[in-house]
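Colleague: Task: produce atomic coordinates for the following.
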Amino acid sequence: MSTLLLDSVQRLTRYPLLIRQILQYTDPPSTTNTTIQTTISGHAPAISVQLPGDAEERRNISAALDAAQKILEHVNETIREQEGRERLSEISKDLWIGQLCFQSL
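Modeller: All right, here's what the predicted structure looks like:
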């Protein structure tokens, strides 16, 4: 049973790493330079246009990364609390047995 839980927790630790790689390989919000010819001044000004899909995609991936990290932090904290309770239970058992042995002498 503990092997199944360990596999699940190990899998959870991989999600932020994988999402971070996806974010790394996702194109940053790009700008497209478009040149418009003007007949008045004779100069061709460059206009920068941000493509909305790229920025929204990166925001969604960043939100997924934040969510995965928060879930992993919560799971780790819950595991630490449970381990602490188990350790405290073991210590209290040892103390209880020690008191019984001491009283019987």
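Colleague: Helix or strand with the lowest mean pLDDT in the chain?
Modeller: Of all the helices and strands that make up the chain, the one with the lowest confidence by mean pLDDT, DSSP states H and E is strand 31-35; it has a mean of 45.
Colleague: now the strands: where do they sit in this structure?
Modeller: Taking DSSP state E as the criterion, the chain contains strands spanning 31-35, 46-50.
Colleague: give me the low-pLDDT residue ranges for the chain?
Modeller: Along the chain, segments meeting pLDDT under 70 span 1-6, 29-53, 96-105.
Colleague: mind redoing it with 50?
Modeller: Under the criterion pLDDT under 50, the flagged ranges of the chain are 32-39, 49-51.
Colleague: report the longest helix in it, please.
Modeller: Taking residue count as the measure and DSSP state H as the definition, the longest helix of the chain comes out as helix 52-104.
Colleague: counting contacts, what elements does it pack onto?
Modeller: Here helix 52-104 is seen to pack against helix 2-25 when contacts are counted using 3 or more Cβ pairs under 8 Å, 6 or more residues apart in numbering; DSSP states H and E. C-betas here are computed from N, CA, C, even on glycine.
Colleague: quick check: angle from the helix it packs on to helix 52-104?
Modeller: Put simply, helix 2-25 runs at 150 degrees to helix 52-104, going by axes from the mean of the first three to the mean of the last three Cα atoms, to 10 degrees.
Colleague: and helix 2-25, what does it pack onto?
Modeller: Right, helix 2-25 is packed against helix 52-104 by 3+ Cβ pairs under 8 Å, 6+ apart.
Colleague: roughly how far apart are residue 70 and residue 18?
Modeller: Between residue 70 and residue 18 the distance, using Cβ to Cβ, to the nearest Å, works out to 16 Å.
Colleague: typed the wrong thing, it's residue 79
Modeller: Going from residue 79 to residue 18 by Cβ to Cβ gives 21 Å.
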